[in-house]
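**Student:** here's my sequence, what's the structure:
(chains A and B)
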Amino acid sequence: MYSRYFIILAFALLFSPAVSPLLAQQTIQELSFNQEDGNKKGRYVLTGKITHLETGEPLSGVAVHLNGYFQGTVTDKNGQYLVHLDSGNYRVAFRQLGKKAAIYQINLKGDGVLDLMLANMDFELAIFTVLSEEKDKNIRNPISGISKMNIQEIRLVPAFLGEPDVFNVIQALPGVTSVGEGSSGVNVRGGQADQNLVLMNGAMVLSQGHALGFLSPFNGDVVHNFTLFKGNIPSYYGGRSASALNIEMKKGDLEHRTISASLGTAASRLTFDGPLVKGKTSLISSFRNSNSNYLLNMANQSNIKNSSIGFYDLYTGLYHKFSDKHNLDLNLLHTGDAFDFAEEFGFRWKNTVGSLTSKHLLSKDFSLVGLFAFGDLANRYLQPSGLNPRENRNGLTYYQGKVSGLWAVEKWEITGGAEAIRYVMKPELGLPIGESSNIPQTVAKQNGLELSGFLDVIWNPSENISINAGVRRSAYRQFGPDSVYAYNPGMPISRLGIVGVDYIPEGTLSRFEGWEPRFTFRVNIDSAQSLKGGYSRMYQYLQSISNTSGPTPIDLWQLSTRYIPPQASHNFTLGYFRNLQEDIWSTSLEGFYRTTANQTEYRDFADLFLNSHLETELVQGRGLAYGLELLLKRNSGTITGWLAYTYSRSWIRTDADNNEIKINNGKWFPANFDRPHIVSVVTNFHFSKGRSFNININYSSGRPVTGINASYQVGNIMVPNFRERNEYRIPNYLRFDISYNTNGFIKKWEDKINFSIYNLFGRRNAYSVFYRKEPQVPRLVPYQLSILGSAFPSLSYTVNFTK
Amino acid sequence: MKRKSILIKLMLLILLSGCLDRLDFLGETEDGQLVVYGLLTDLGEGNKVQVSRTTQYAARTLPVQDATVLLHTEDNLTLPYFNIGDGSYELMFFNPVPGQRYSIEIRVAGEVYRSEWARMPLKNVQDELQFDFGFEEFRKQAVEPVFTVYANTVLPKDDQPIYLRWQVDETYFWQRTQLPCVGLCPPPPDPCFISDSFDPGRILLYDSPNTSGRSFSQVMGKRYVDNSFLYPFFVSVTQFSITPEAYAYWEKIKIMVNNQGGLFDTPPSRVSGNIHHVEDPEKQVLGYFEVAKANVTRFYTTRDDVPIFLTAPCQVFEGKRADEYASECLECEARAQGRKWSYQAPAWWKYD
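**Tutor:** Take a look at the predicted model:
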């Protein structure tokens, strides 16, 4: 009942014409900088200091945009900024959340100093820009299906536990959904969660499950921004068949030291940000820890009292500037999770990702970036009681190296390079717990190497046309040692069909390779409209294997083998983009279509743990995803936000020759995460002095489940007989979240308060359906399980000490 | 304190328990699917085959009364099962031999169905039963008296794989009330012997190839302590030594029955049995034909073992009219409430 009023209110406020007159176009001032000594250079410096109009204090974190794009430059603690630019004309905008933006048209023919003051926005001033990007970016960006946001925008979306989270925001974007609360990962444009390439500063991050899947490993205190490519992926990214998400982490401040602490009802954070050597070397480090375990200890129910839940994460970034042309960036992310339910079962998983990146501007037109990264996953599943008390362990270590060069001239940007990823999967272990006489079990896993070369060309023949063409050549090798099973050629690959096994100690066991062409175009119809389209071919040699309803943090990762060929997708997109009222409104309509070969499904009752021949538990087939995305976004004003509607379908069809292992007799069936209709509304109300009130509404069709068509008795047991896989759907999903951000009580501490309520109306959204026998009821009764069954308020208080 | 309690409950509710809600959808079921469950053991009794069909909206299947059920042996013998009513067919005067293979054939409505051959395993192992009465959270979130049965099982030290399934049943005595009378009184009413599954829904399985431990202890079942314990209460634990195929079938059933829809649950799937239409193998028959070597271990408890005071609901009072007594005091059927009952004591009913 209340939810209906909230929808109406949110829509009314977001789209009310009453506030439109308040919105006016920014005044653009024109400036020219000329070289006084007459020594003309090809490249000049634009620098300056930005201060607060009312207080005169320097403003840090003001974003500098050039010709509509944010390129990573923000003011430091002194309010100073510096950009190196070729000579020419630039539209430079200075923007910060809560401040009135300043926009200049600059003719740069010499080094320039531009100091300016930004004023607070309030109701009287009315114009309020929350975008870190230029508002016309959706018109001018050459790639369709791309979403980019910075941490200020991420913070405006109410989140579970009040923790600003990239994955929470992504799920409010068109085309993105998940299986449900608590599942790790997201589904982008009908793709499986493991078909998303997730990068942290360019380094691959395989495990995104944190806090039982409710949060991602990326602590909002150290996230700078993210870019999500939803189908058209540049050729310098590869290895996944659906999407790519790159999360840029903050770099430490080179001038000022800040220590911030945040205490919340569910988690606490401590962050250090500052120079180690002023102007040269900086460090940013943030530690987050859950603090809800004490609540469990106070419970009366014994199994809950004996349970424990906990998570932590640590991010450290070390940045060193050798010169204005050369810098080095060292990043390390480590997360840990533990969950024990009494003496019955428990999970542990740890994830470490580290990277070292060197960026070198070799000439005014050419830059080189080198990256070395490693990652390590270690999962444990414990079953300390029962007949067979034991612990299962699995994991994966990988090493990633990448070199890319960018050559940029007036109408061309050419990126080329090579990438190598070495995967070393840890043996899967089954270890007895306690004094059990069980014998430890070990199952060796695969090793592999993925090599790629790529070339990406952006050509802007005119202001209204942009073409991005690229190609990636990927090659994969699986190396020994490994045990390769032989199967009876007349039978399906199954346990019963095993006729022998070969142990191959070294050398190449299997190899796959292919060309991955990428192409996108943009045609501007006028300054407010553009048409974009694209095609991407992508191969995927690593996939997660799961037979649970949704991805879990402890899912196995599996490399391609002789019996598990790589997934290969064709992605097509076409979109129309239109901005209105001087870019105050952005709208887009995009369609997508993807086919995937060798998409992996688990067989019924798949036995995935400690299995040396996983191919007997899997079946591969074709994936098909298609849909439409509609986005209506308000970029500025006292009320900002967006409405996103997605129609998306995701289907699977197994191709096995043998009927025994086909799913649903080889017919197309909807994937676990197929949700045809998805609507999300994000509304932000901006008040003076940095306060904001935010609403997030999320609606989607219920996901498919497998239902029963009969029940019968075998012995004393009532047995459900299930119909075909994913034939039914759980009830539709609807959730309202709100949050309020405000300043704290002590101004000099720069303290902030965040109050949020996730699932405001306590709606019991179904995660799954199961059946059980009830007394006096002559059939099995369906029940829905809701992971979060009530409203979840959270409060956090953050202080910042800056020196 | 109250505020803290509310906060704790809120957190726990959300973080751990989630919420369960009964659904109205998915209620309809298909009717008419053939269901066959047969159990063949060397116990010398109870070799029955149940034949029924699924019905719409109901878990209880509709008995098939006009089926023909035959047992095939590997010696080319064909033995008929006798129709004993209610969809039950019983094999009489035949003792299966461990190590031999058997199969059943069902003819119904002009269609012929046949099970796969199953070989009766050669051995059982010994169970040592224990029980205790304790207090714990069982049916609700409050401590209550619970009767628990345990079994210690020791396997022989040989390499022969063994697959076990247990079935635990209870049988208790219930004394019907003899109403006061004057003059020529009727004889005292026969007592009731009421039988049921001890812990319905609990599936007890063991496979030696995947559990290298040779001795283990497990809970066989739990039950709320009520006035069923007023009189002797027998627990019968039947251990079935089953085939690997039957074990795989029961393991899948166990996954399905224990599925709670959680994050880490295996998604549900159809469990295929070992009985097929002879001409169209795709035509599904629900159920299983199970061949098992079996042994039974029993024990009993009396009121003296129960650590709580049990109220007898059927005490006789002078002047209390017959219709004022609870129906369970007078009628076995009323007491049994759908469970099996008899006026006759089972053959093994012996206690000190």
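
**Student:** which residues sit in contact with the closest residue to residue A:354 other than its chain neighbours?
**Tutor:** Nearest in space to residue A:354, with sequence neighbours left out and distances taken as Cβ to Cβ, 6 or more residues apart in numbering or on different chains, is residue A:332 at 4.5 Å. Quick note: C-beta positions are derived from backbone N, CA and C, even for glycine. Shown here is residue A:332, whose contacts under the criterion Cβ atoms under 8 Å, 6 or more residues apart in numbering or on different chains are A:314-317, A:352-354.

**Student:** quickly list what residue A:332 is bridged to.
**Tutor:** Residues found in beta-bridge contact with residue A:332 (criterion: DSSP bridges) are residue A:316, residue A:354.

**Student:** and it, how far from residue A:568?
**Tutor:** Using Cβ to Cβ, to the nearest Å, residue A:332 is found at 34 Å from residue A:568.

**Student:** do the same with residue B:158
**Tutor:** As judged by Cβ to Cβ, residue B:158 and residue A:568 stand 51 Å apart.

**Student:** among the two, which residue is more densely surrounded?
**Tutor:** When neighbours are counted by other Cβ atoms under 10 Å in any protein chain shown, residue A:568 comes out ahead of the other of residue B:158 and residue A:568, with 19 against 10.

**Student:** what number of residues are in the vicinity of residue A:155?
**Tutor:** Applying other Cβ under 10 Å, we find 22 other residues in the vicinity of residue A:155.

**Student:** repeat that for residue A:330.
**Tutor:** That count, for residue A:330 with other Cβ under 10 Å as the rule, works out to 16.

**Student:** what sits against it?
**Tutor:** By Cβ under 8 Å, 6+ apart, the contact set of residue A:330 is A:317-319, A:354-357.

**Student:** quick check: buried residues in the strand or helix carrying it?
**Tutor:** Element membership of residue A:330 [criterion: DSSP states H and E] is strand A:326-341. Neighbour counts over strand A:326-341 (16 or more other Cβ atoms under 10 Å in any protein chain shown) mark A:327-340 as buried.

**Student:** which of those residues sits closest to chain B?
**Tutor:** Distance to chain B, by Cβ to the nearest Cβ, is smallest for residue A:339 among the buried residues of strand A:326-341, at 9.4 Å.

**Student:** quick one, what contacts the closest one?
**Tutor:** With contact taken as Cβ under 8 Å, 6+ apart, residue A:339 is in contact with A:212, A:307-310, A:346-348.

**Student:** same thing with residue B:288?
**Tutor:** A:714, B:36-38, B:246, B:249, B:273-275.

**Student:** check residue A:283 too.
**Tutor:** Residue A:283 makes contact with A:252, A:272-276, A:316-319 under the criterion Cβ under 8 Å, 6+ apart.

**Student:** among the residues you listed, which two are most distant?
**Tutor:** With distance counted by Cβ to Cβ, no two of the contacts of residue A:283 lie farther apart than A:275 and A:316, which are 14.8 Å apart.

**Student:** wait, a helix at residue B:247?
**Tutor:** Yes. The assignment for residue B:247 by DSSP: H, G, I helix; E, B strand; the rest coil puts it in a helix.

**Student:** quick one: it from residue B:240, how far?
**Tutor:** Distance check for residue B:247 against residue B:240: by Cβ to Cβ, it reads 10 Å.

**Student:** now the common contact residues for the two.
**Tutor:** Looking at what touches both residue B:247 and residue B:240 (by Cβ under 8 Å, 6+ apart), the common residues are residue B:165.

**Student:** more crowded one of those two?
**Tutor:** Looking at residue B:247 and residue B:240 with other Cβ under 10 Å, you find the greater number of neighbours at residue B:240, namely 26 against 21.

**Student:** poorly predicted segments of the stretch 201-350 of chain B, please.
**Tutor:** Along the stretch 201-350 of chain B, segments meeting pLDDT under 70 span B:212-213, B:260-264.

**Student:** quick one: the strands in it, in order.
**Tutor:** Using DSSP state E, counting those that start in this stretch, the strands assigned to the stretch 201-350 of chain B run over residues B:204-207, B:215-224, B:233-242, B:275-277, B:286-301, B:340-342.

**Student:** now do the third one against strand B:215-224, angle only.
**Tutor:** Using axes from the mean of the first three to the mean of the last three Cα atoms, to 10 degrees, one finds that strand B:233-242 and strand B:215-224 are set 140 degrees apart in direction.
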